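Engineer: Quick check, what structure comes out for this input:
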Amino acid sequence: MDRAKHVLATDPRIAAAWVEGSLAAGTADAWSDVDFHVAVEDPAAIDGEELLGRIAPVISALTFPLGPVRLVAATLEGPVRVDLYVEPLDQVASISRLGRPTCSTATRRGSASSTRSWTRPLQLARLVRGYFFGFMMPARLEVPGRGAGLAL
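Structural biologist: Sure thing, here's the model as predicted:
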C-alpha cells in the first residue's frame, strides 16, 4: 500500500485516488483483492497496466470498458489481486459504486468521504471468463477418475 500511495500521489495525471471494497470497509481478509480508483482528466492518457507495473511487477492483466470507466483487473507479484478503476474526473460524482462501502477519497485538494451504491449491471460473463480462465492462473486439482479440474 505504501508503494501504491507513492506511485499514485506522484503521478501528475491523477487528480484523486482512493480505495473501495473490503479494504476500505475494514472487512478485508487474506483472500481479498485491492480496489484502487483513480480520477483523471483524460482516461485515454492512462495505461493502467503500466501504472500498476510501477507499484509492483504485473503477472497478468485484462482491461475491460465499463461505460466511462476502464477496469484493469490484474495480479501483481506477491501475488496480489488488484482492480484498478480509471475514471474520468468530470464524471466521478455520477458513477454508481458496488455495494455501499464508505471510502476515503484522497485528492490533491484535501480529502472527503462518500457513500454510493451500484445500480448498473457488469459485463458479468466477460469478467467471469477473464477472471477464472487463464487470467488468475487457476489452481488445478486432480479429481479421482476425472483428471484435472478447475478449483473454484
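
Engineer: C-alpha only now, for contacts and for neighbours.
Structural biologist: Will do.

Engineer: how much space between Phe36 and Leu89?
Structural biologist: Note on Phe36: its distance to Leu89, by CA to CA, to the nearest Å, is 15 Å.

Engineer: So for those two, which residue has more residues nearby?
Structural biologist: Phe36 (22 against 16; other CA atoms under 10 Å).

Engineer: Name all residues that make contact with Pro65.
Structural biologist: Contact analysis of Pro65 by CA atoms under 8 Å, 6 or more residues apart in numbering lists Leu71.

Engineer: What pLDDT does the model give it?
Structural biologist: In this model, Pro65 is scored at 88, pLDDT.

Engineer: By average pLDDT, which secondary structure element in the protein comes out worst?
Structural biologist: Least confident element among the helices and strands of the chain, by mean pLDDT, DSSP states H and E: strand 110-115 (a mean of 40).

Engineer: For Asp83, give its distance to Arg13.
Structural biologist: 19 Å.
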